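**Student:** Okay, here's the prediction I keep looking at, along with the sequence it came from:
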Amino acid sequence: MSSRPIIIDTDPGIDDAVAIAVALNSPELDVRLITTVGGNVSVEHTTDNALKLVDFFEKDVPVAAGAAGPLIAEFVDASDIHGASGMEGYEFPEPDGSKLLPQTAVEAMRDTLMASDKPVTLVSLAPMTNVALLLKVFPQVREKIERIVLMGGTCGRGNKGVLSEFNVASDPEAAAIVFSSGVPIAMAGLDVGWGAMLRPEDSERIRDLNETGKMFYSMFGHYRGGSLKTGLKMYDAHAMAYLLDPDMYETADVYVGIELDGSMTKGCTLVDLRGYLHKPVNATVCTGIDAERFRTWLIDSIARCR
Ligand SMILES: [Ca+2]
């Protein structure tokens, strides 16, 4: 099987770093471009972090910097979870910057998509500002997008608001543009991240695998998406896991609406599992996870890294 082309839009972010490591080292994926956005930390930091990861894995993958903040909402980062730099806990060499494209993220995505001889999967691991702008500014790219596989949203409780997830609630208008775009969407939300935490023994196995495992273990010690003792949430890795091994998920093809008006619910994903809203299906949503299989998959994936 030839490898599948993907573009990753991301805000690394410790769980982003795990997802990127998996993708860059998967023989099944051909990472054509990484684009960055302000999210977990500022776009300056997320771009720097993406460049560090590409250098760490010695991959020839270009990086393009995108939006500094949401379309309308105020920018509020998650440095309380990922540390001030976004990838706290490991000292990477300073990237030389040779992989950084002069184009903006949206231009680079357009160029990469239009130059591709086959449809490209867009993997969104961050607030969807760049993806929304891409779809609005360059609508001709739609036919080149196989689908958008995203980490975002939730079927139940939230991690930014009571019922809202960080990536969607950080830029609700962008998420609304993406979910109403007509491009096929697969959504791995908070539920699967919570349903398949990395246990202490899993983190220790990862540490002992290789250089990459040691790098992640030292970042895990600073990650506040759980803890090394209580278990770690690997949210963004689920987008990559769904892309590579969808059978480990239970899914439902449903309508997902993005709440834009609620004074207490703005940024909620209304995952209409029971069809109350009588709206056409716009997403395949992960509703369940085989946790044991995910953990084994993740450890095997990191074992393939340097
Ligand atoms: Ca992320």
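**Tutor:** Now that the structure is in, tell me what you want to look at. Numbering: from 1, shown residues only.

**Student:** What's the separation between Gly13 and the ion?
**Tutor:** 4 Å (C-beta to the ion, to the nearest Å). All C-beta atoms are positioned from the backbone trio N, CA, C, and that covers glycine.

**Student:** dump the residue contacts of that residue.
**Tutor:** When contacts are counted by C-beta atoms under 8 Å, 6 or more residues apart in numbering, Gly13 touches 39-41, 46, 49, 82, 86-87, 125-126, 236.

**Student:** Swap in 6 Å and give it another go.
**Tutor:** 40, 82, 86 (C-beta atoms under 6 Å, 6 or more residues apart in numbering).

**Student:** Any idea how many residues pack against the second one?
**Tutor:** Other residues lying near His82 total 30 when counted by other C-beta atoms under 10 Å.

**Student:** Could you report the pLDDT at the nearest residue to Trp194 once chain neighbours are set aside?
**Tutor:** Distance criterion C-beta to C-beta, 6 or more residues apart in numbering; nearest residue to Trp194, sequence neighbours excluded, is Lys233 at 6.5 Å. At Lys233, the pLDDT value in this model is 96.

**Student:** Go ahead and confirm Lys233 touches Gly225.
**Tutor:** Yes. Between Lys233 and Gly225 there is a contact under C-beta atoms under 6 Å: 4.3 Å.

**Student:** wait, what's in contact with the residue in the stretch 151-300 of the chain that the ion sits nearest to?
**Tutor:** Residue of the stretch 151-300 of the chain nearest the ion, by C-beta to the ion: Asp236 (4.8 Å). If you count contacts by C-beta under 6 Å, 6+ apart, Asp236 has them with 15-16, 19, 125, 151.

**Student:** Now intersect these with the helices, please.
**Tutor:** If you go by DSSP state H, these have 15-16, 19 in helices.

**Student:** Let me have these in CSV, adding distance to the ion and neighbour count as columns.
**Tutor:** Output for the ones in helices among the contacts of Asp236, formatted as CSV (distance: C-beta to the ion, whole Å; neighbours: other C-beta atoms under 10 Å):
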residue, distance to the ion, neighbour count
Asp15, 6, 26
Asp16, 4, 31
Ala19, 8, 27
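
**Student:** which one among the residues you listed gets closest to Glu165?
**Tutor:** Asp15 (12.8 Å; C-beta to C-beta).

**Student:** Give me the pLDDT value at the closest one.
**Tutor:** Asp15 carries a pLDDT score of 96 in this model.
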